[in-house]
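[1] Give me the fold of what follows.
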Amino acid sequence: MGRIAEINRETKETQIFIKLDIDGKGEAKLEYPVGFMSHMLNTFARHGLFNIEVCAKGDLEVDQHHLVEDTGIVLGQCFAKALGEKRGIKRNGSCLFPMDECLARAAVDISGRAFLFFDGQLSGSPLVSVLGSGKEHKFQTDVVEDFWQGFSGAAGCNLHLEVLRGRSDHHKIEALFKAASRALRAACGIDDRVKNIIPSTKGTLPGFDMPGVLV
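    Prediction:
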């Protein structure tokens, strides 16, 4: 059946459907109303070789926080569900990703323990784009950390993300997404030497239907 999961999450603030194929080819089908995040989700899929489908809408008249954070939650839930018992996975992955003047680092452990360390070195100023109508669109860069907080909590993983140096906030965020996706790609990979073994001294790792903390 493959490592595939889909989740539909509806609240009074957001409606989000995501389908994930961990063993994909990096294809993304996106219906997402925040342009910069759509670009990041496409980048995430391409560099992780994950196939993802996303259809989302939310209360953007309030701000972008609810939609972006909830997207991270649902994507994290999809990873937890698709990985199941986590038999045979490498569990840990890391990536040092350069993007022009920027250098980003990501490290992940799919342990069942949810923890995020985030140091994006972001300026706090919004990224501004101009739509075809000439209307300006602003992306709230502070919601990037909210996305990854939601993701790590729902996926049940330790995730460390940091920008070591850089100037452009666009480059910093994009390098972080690329580094994170490649680190996750490595962690989700199957180790042929132990493909039927759960990578834990406890013999089990908490997952989508089994909350808890084990090492």
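[2] contacts and neighbour counts: CA atoms only from here.
    Noted.
[3] Phi, psi for Tyr32 please.
    Backbone torsions for Tyr32, taken as degrees, to the nearest 10, come to phi -130, psi 130.
[4] Pull the contacting residues for it.
    Residues near Tyr32 by Cα atoms under 8 Å, 6 or more residues apart in numbering: 38, 54-57.
[5] I'd like to know which of those is nearest to Asp146.
    When the contacts of Tyr32 are compared for distance to Asp146 (Cα to Cα), Ser38 wins out at 15.6 Å.
[6] and that closest one, how far is that from Ile52?
    Using Cα to Cα, to the nearest Å, one gets 12 Å for the distance from Ser38 to Ile52.
[7] higher neighbour count, these two?
    Between Ser38 and Ile52, counted using other Cα atoms under 10 Å, the more crowded position is Ile52 (27 against 17).
[8] The more buried one reaches Lys25, doesn't it?
    No. Ile52 is not in contact with Lys25 according to Cα atoms under 8 Å; the separation is 9.8 Å.
[9] On the pLDDT front, check Asp59 for me.
    Per-residue confidence (pLDDT) for Asp59: 96.
[10] Make sure it is actually in contact with Thr11.
    No. Judged on Cα under 8 Å, Asp59 makes no contact with Thr11 at a distance of 10.5 Å.
[11] got the contact list for Lys29?
    52-54.
[12] before we move on, back to that, can you pick out the ones from the contacts of Tyr32 that are in helices?
    Here DSSP state H is the test, and these give Ser38 as lying in helices.
[13] which stretches of the chain form strands?
    Applying DSSP state E to the chain gives strands spanning 4-10, 14-21, 28-31, 51-58, 92-99, 102-109, 115-119, 127-130, 136-139, 158-165.
[14] CSV please, covering these and showing distance to Ile73.
    Converted to CSV, the strands of the chain look like this (distance: least, Cα to Cα, whole Å):
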stretch, distance to Ile73
strand 4-10, 9
strand 14-21, 10
strand 28-31, 17
strand 51-58, 13
strand 92-99, 20
strand 102-109, 16
strand 115-119, 13
strand 127-130, 23
strand 136-139, 19
strand 158-165, 14
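[15] Quick one: closest of those to Arg182.
    strand 92-99 (6.3 Å).
[16] Which strands or helices does the closest one pack on?
    strand 102-109, helix 169-188 (3 or more Cα pairs under 8 Å, 6 or more residues apart in numbering; DSSP states H and E).
[17] wait, which of those is closest to Val194?
    helix 169-188 (13.3 Å).
[18] Provide a list of residues in contact with the closest residue to Asn42 other than its chain neighbours.
    Excluding the flanking residues, the one nearest Asn42 by Cα to Cα, 6 or more residues apart in numbering is Ala28, at 5.7 Å. Applying Cα under 8 Å, 6+ apart to Ala28 gives the contacts 41-42, 45-46, 51-54.
[19] one step back: so between Asp59 and Thr11, which is more surrounded?
    Between Asp59 and Thr11, counting by other Cα under 10 Å, Asp59 is the more crowded of the two (14 against 9).
[20] Could you pull up the contacting residues of the nearest residue to that one once chain neighbours are set aside?
    Among residues not flanking Asp59 along the chain, Glu13 sits closest, at 5.6 Å (Cα to Cα, 6+ apart). By Cα under 8 Å, 6+ apart, the residues touching Glu13 are 58-59, 66-67.
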